[in-house]
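Colleague: Need coordinates for the below:
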Amino acid sequence: MRRSEINSLIDGAAAFARSCGFLLPPFAFWSPQEWPSKGTEADEIRDCMLGWDLTDFGSGDFPNVGLIMFTIRNGHLSDKRYSKPYCEKMLISDVEQITPMHFHWSKSEDIINRGGGDLAVQVYNSTADEGLDDSDVTVSIDGVARTLSAGGMVTLSPGESIFLPSGLYHKFWGEKEKVLLGEVSTVNDDTRDNRFYEQIGRFPEIEEDEEPRYLLFSEYPDSA
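Modeller: A predicted model of the protein is given here:
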């Protein structure tokens with residue numbers, strides 16, 4: 001992805017969130033010039049991977065295969081300084097923009113449609129060898145159990161949510177309009193806890209065609 005594209009996407013994501021009445025914390029807008037002055041007081045942001053995260057999943061086609069995320073709060077699976085057992089994210093999924101089929105070995109999560117269009121979610125149980133199972137899938141939609149056939153679809157309107165336990169394959173995309181999503185989960189670790197059904201990239205290669213206006217969580221400098 002080009003840096004100019006990332007800059008523009010983050011500007012647009014923040015504006016879209018504001019239009020839905022969702023405000024981000026101040027560190028979302030710290031500039032690359034500000035970051036070197038942030039000392040150990042900001043280590044939780046660095047160590048728990050808080051902040052902006054954009055990916056095209058290695059597709060080179062972000063408009064059709066991609067996702068914008070901002071991690072607001074998170075714990076840490078191995079660092080006892082950060083004892084939060086939960087994570088909260090904002091996600092933005094555009095119309096027909098696919099987040100590929102995947103599950104998490106550890107994390108379980110609620111995905112909440114916070115506003116915009118509808119969210120389409122496809123689900124499969126996983127097999128012991130991490131394939132797609134052909135058994136029925138039971139999911140919880142806002143506390144109401146629903147049983148679907150393998151590969152079944154759920155459409156979430158604004159205000160609705162789905163619970164996705166660890167080991168449950170899921171794929172999703174926006175319908176009708178761009179969708180603002182919330183994610184409430186157990187501790188998140190994007191470096192070790194994503195099992196994609198097809199082999200894909202998780203973090204984008206960046207072409208530096210202009211100066212960054214924001215840093216992604218993988219780009220923070222060490223403590224001052």
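Colleague: Quick check: the gap between Glu44 and Arg202.
Modeller: 22 Å (C-beta to C-beta, to the nearest Å). Quick note: C-beta positions are derived from backbone N, CA and C, even for glycine.
Colleague: quick one: terminal-to-terminal distance for stretch 152-166?
Modeller: 18 Å (C-alpha to C-alpha, to the nearest Å).
Colleague: if we look at it, which residues are touching it?
Modeller: 103-116, 118-123, 137, 139-142, 146, 148, 170, 175, 182 (C-beta atoms under 8 Å, 6 or more residues apart in numbering).
Colleague: Centre of the chain to that stretch, how far?
Modeller: With C-alpha atoms, centre = their mean, to the nearest Å as the basis, stretch 152-166 stands 15 Å off its chain's centre.
Colleague: buried set for that stretch?
Modeller: Val154, Leu156, Pro158, Ser161, Ile162, Phe163, Leu164, Ser166 (16 or more other C-beta atoms under 10 Å).
Colleague: Now the two most distant members of those residues.
Modeller: Based on C-beta to C-beta, the longest span within these runs between Pro158 and Ser166 and measures 26.3 Å.
Colleague: Now a ChimeraX select for only the buried ones of the contacts of stretch 152-166.
Modeller: Under the burial definition 16+ other C-beta under 10 Å, those of these that qualify are selected in ChimeraX by:
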select :103,104,107,109,111,112,113,114,115,116,118,119,120,121,122,123,137,139,148,170,175,182
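Colleague: what's next to stretch 125-133, contact-wise?
Modeller: Under C-beta under 8 Å, 6+ apart, the answer for stretch 125-133 is Met101, Phe103, Tyr124, Ser135, Val137, Ala150, Gly151, Gly167, Leu168, Tyr169, Arg195, Tyr197.
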